[in-house]
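Engineer: 3D model of this:
(one chain, ligands or ions: 1)
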Amino acid sequence: MSLSHFLADDQLSKTQILGLIALAKDIKQHPTSYNQKLAGKSVAMIFEKPSLRTHVSFDMGINKLGGHALYLGQQNGKLGERERVSDYAKNLSCYADAIVARVFENSAIEGLAQHASVPVINALCNVYHPCQALADFVTLSEHFTDLSAVKLAYIGDGNNVSNSLMLMAAILGVDFTLICPEGHSPSAVMLTKVQQLANASGSVFTFTSNINNIGKQDAIYTDTWVSMGDENSSEKANILAKFMPYQVNHQLMDKAQASIVMHCQPAHLEEEITTALFDDEEKSVVFQEAENRMWAQCAVLVSLFANE
Ligand code: NVA
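Structural biologist: Okay, here's the model as predicted:
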């Protein structure tokens with residue numbers, strides 16, 4: 001399988017996603033078989049926002065594939081300010097074999113992909129976090145033999161993480177329940193897109209603001225109530241009060257009879273998830289998700305270079 005870019009979950013087919021999941025698991029099991037796949041290749045990694053897992057998992061993953069990663073932090077400011085996104089893309093294409101970018105605006109990712117002559121990977125923007133969703137479905141496939149029978153719920157802020165997760169679920173045919181407080185839903189365009197994809201795959205997509213409608217779930221997922229770039233300290237108290245009924249804790253897990261809890265991290269303990277649940281070694285798969293970021297991204301990189 002070959003890809004030209006890895007930008008947004010809804011640009012991938014079910015076959016491509018399943019192929020990436022299988023490849024990620026194979027690289028995880030047999031890393032030495034892939035240790036020359038990126039030999040002689042350099043990957044430029046642009047980070048407009050902070051990162052721990054994404055930065056380290058890309059850097060170490062690229063190293064495991066025999067390639068070289070270059071970290072470009074915020075010293076060049078916001079993309080598009082010091083020089084045009086198109087010029088940034090064209091310059092990096094002179095040196096790099098691929099570009100990984102974590103950006104504020106999805107338009108910057110699209111601009112990079114439009115103007116770069118090398119593959120671009122979205123390492124998080126305001127709309128999508130496809131590397132995370134891919135790693136999460138690798139993790140789910142390690143816990144449940146039949147992915148299509150999994151029931152997954154996301155509770156909290158409708159954001160980049162929930163967008164990518166529900167798009168991928170809908171494409172894969174995974175039943176997905178999205179529960180967001182009123183005023184914190186994804187865009188209407190995103191909800192329509194997910195519903196259309198769910199209709200096509202035959203999965204059930206449920207969207208509600210009523211936490212009591214959680215129903216029976218296999219896995220419950222949550223993320224920060226305030227994403228990077230959305231911080232507004234004067235609103236913090238309101239957000240906490242509004243979201244507290246949506247906290248993911250043992251009581252909610254029991255109510256939904258869910259066996260695993262997921263979080264992309266960083267976690268805000270005692271806000272979106274209790275410390276006791278996050279640290280529960282029976283139920284919490286958060287570090288498995290973190291590890292799978294590296295294998296999932298290795299699968300993306302290997303696939304991007306497969307057509308050479
Ligand atoms: N929704 C979070 C994800 C962090 C990995 C954010 O964008 O800040």
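Engineer: helices of the stretch 151-300 of the chain, start to end?
Structural biologist: Remark: helices assigned in the stretch 151-300 of the chain by DSSP state H, counting those that start in this stretch are 160-172, 188-201, 236-243, 250-256, 275-278, 286-304.
Engineer: tell me which of those helices sits nearest to Val118.
Structural biologist: Smallest distance to Val118 across those (C-beta to C-beta): 8.9 Å, for helix 286-304. Where you see a C-beta, it was placed from the backbone N, CA and C, and this is true even at glycine.
Engineer: tell me what that closest one is packed against?
Structural biologist: Here helix 286-304 touches helix 14-29, helix 53-64, strand 120-122, helix 130-143, strand 260-263, going by 3 or more C-beta pairs under 8 Å, 6 or more residues apart in numbering; DSSP states H and E.
Engineer: circling back: point out the most buried one among the helices of the stretch 151-300 of the chain.
Structural biologist: Stretch with highest mean neighbour count among the helices of the stretch 151-300 of the chain: helix 160-172 (a mean of 26; mean count of other C-beta atoms under 10 Å).
Engineer: which residues outside the helix or strand of the chain with the lowest mean pLDDT are in contact with it?
Structural biologist: Taking mean pLDDT, DSSP states H and E as the measure, helix 236-243 is the helix or strand of the chain with the lowest mean score, a mean of 91. Identification of contacts with helix 236-243 by C-beta atoms under 8 Å, 6 or more residues apart in numbering yields Gly156, Asp157, Pro181, Gly183, His184, Trp225, Val226, Glu271, Glu272.
Engineer: of all these, which two lie farthest apart?
Structural biologist: Farthest pair in the contacts of helix 236-243, by C-beta to C-beta: Gly183 and Glu271, 17.4 Å.
Engineer: the two: who's more crowded?
Structural biologist: Glu271 (19 against 8; other C-beta atoms under 10 Å).
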